[in-house]
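Asker: attaching a predicted model along with its sequence, questions to come.
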Amino acid sequence: MQINTRAIVRLLGLVALTSSTLLAQDGPPPANVTVGEVLSETLVRHRSVTGEIRSRLTSNLASQVEGLLVELDVEEGDEVAKGQVIARIDDQRARIAVRRAESQLAYARAVIQQRQVELDNATRDLARIEELDRLGSSGVSQLDESRTLVESRKALLAQAQSELTTAQGDLDLAKRELEDMTIEAPFSGRVVEKRSEIGQWIGSGDDIVTIVSLDTLEARIDIPEDVYAAVRATMSTHEKIEMRLPALGLGAGQEIYGEVITILPGADTLSRLFPVRIAVDNTAGLLRPGMSLNAMVPTNSSEQYITVHKDAIVRTPTGEVVYYSNDGVSAIAPIERLFAIGERMAVRSPVLRAGMSVVTSGNERMFPGQPLNILAAPKGPDVGIGNADGTGSGNQSQSEGN
């Protein structure tokens, strides 16, 4: 992005007009301000790559059973909580199946009780006949028949126990199918698409809604081969990647930062770009999947650039500017933001030079030509300087701006 020459002309005209007005009115009282120094720094070059915000959790919520959709309690854009009921399939037949299975289970339990009684009776009869046989009062055939009857009763009991297990399984399956008629959110998130409507016949596996999680977002960018090593190095140094989202605005303080999670193995065979995943914080709830972004990724070269404190940057209808002290009177300088360095911002400007003093507070309602009452001396080179994630000092960063 190039600085608009016409905007500079308009700004300079505004300076002249305002200064003339102030002189005619003998001028307003001075504005109480603090200032910071414009610095010239050697910074690691960065280049801009495009990407988007994605959700780590996205679900096309589908039905496991077929049936008539009779309830759909959400609309696109609604927030849902984990476990919240999203939809219901007509479950009348499923409820009948559960009651039938419960009846079969009760019958199987009754059969077991009957078979157990029969076995107990046969066992007692066998014990009595064995005692008579010991006393010589029972025949061999009677003893054999009693033993055979006991074994038969044991087999019938085992069969009844097997039928009980089957009946229990049938009931569990019927209950599960009934539960599957109610479709719940697997995680907290937001409905982004409705794929079915009430009254529609749903087949097994048919999608009903699409839900995305807003708590587990990440940025996804693609980087060229020539910056692969530099980006990979940030994973060990924990240097954060600066990202700007047009949806959030492009003014100072609108950047977001995140550490590289991983560089996916294997580049695209046509573009030779490597996909990169970057962690982002969505505590404020402003980010949404699909938002486009520009990420500033490091390269392997350095360059000299000027930097100002972030607080010096003011947004105007014609672009971003900073106010600087021109012999104790405010003057305006258009700037182009490049990237953040801790509390400072690397910028381009046709006006600013290293050593100049720019207003860092008291500039909210300032206008060109206003007298300045400077309350603090310019910040030195060791003040407000740090890495791109705002921590510490050391190697600085710089952007190609393309």
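Answerer: Cool, the structure landed.

Asker: what about the top helix by length along the chain, distance to the chain center?
Answerer: For the chain, the longest helix by residue count, based on DSSP state H, is helix 92-134. Put simply, helix 92-134 sits 57 Å off its chain's centre (C-alpha atoms, centre = their mean, to the nearest Å).

Asker: likewise for stretch 226-234?
Answerer: Chain-centre distance of stretch 226-234: 24 Å, with C-alpha atoms, centre = their mean.

Asker: likewise stretch 131-138?
Answerer: 84 Å.

Asker: helix or strand right after the longest helix of the chain?
Answerer: helix 140-180 (DSSP states H and E).

Asker: how distant is that next one from the center of its chain?
Answerer: Remark: helix 140-180 is offset 53 Å from the chain centroid, using C-alpha atoms, centre = their mean.

Asker: now stretch 295-304
Answerer: The answer for stretch 295-304 is 28 Å, by C-alpha atoms, centre = their mean.

Asker: poorly predicted segments of this structure, please.
Answerer: Along the chain, the model assigns pLDDT under 70 to residues 1-27, 137-140, 250-253, 376-402.

Asker: hmm, try it at 50
Answerer: 1, 9, 12-24, 379, 381-402 (pLDDT under 50).

Asker: residue closest to the middle of it?
Answerer: residue 217 (1.7 Å; C-alpha atoms, centre = their mean).

Asker: for that one, which residues make a bridge with it?
Answerer: For residue 217, the beta-bridge partners under DSSP bridges are residue 55.

Asker: how about the contacts made by it?
Answerer: Shown in contact with residue 217 (C-beta atoms under 8 Å, 6 or more residues apart in numbering): 53-56, 280, 282, 287, 289. Yep, even glycine has a C-beta here, placed from its N, CA and C like the rest.

Asker: just the buried residues of the residues you listed.
Answerer: Neighbour counting by 16 or more other C-beta atoms under 10 Å classes 53-55, 280, 282, 287, 289 among the contacts of residue 217 as buried.

Asker: isn't residue 292 right next to residue 245, touching?
Answerer: Yes. Counting by C-beta atoms under 8 Å, residue 292 touches residue 245, with 7.0 Å between them.

Asker: out of those two, which sits in the more crowded spot?
Answerer: Neighbour comparison, residue 292 and residue 245: the larger count goes to residue 245, with 22 against 12 (by other C-beta atoms under 10 Å).

Asker: distance of that one from residue 255?
Answerer: Per C-beta to C-beta, to the nearest Å, residue 245 is found 9 Å from residue 255.

Asker: can you tell me the SS state at residue 196?
Answerer: coil (DSSP: H, G, I helix; E, B strand; the rest coil).

Asker: work out for me the element the closest residue to it other than its chain neighbours sits within.
Answerer: Sequence neighbours aside, residue 208 is the residue nearest to residue 196 in space, at 4.7 Å (criterion: C-beta to C-beta, 6 or more residues apart in numbering). Taking DSSP H and E as the criterion, the element that holds residue 208 is strand 207-212.

Asker: may I see the buried residues of that strand?
Answerer: 208-212.
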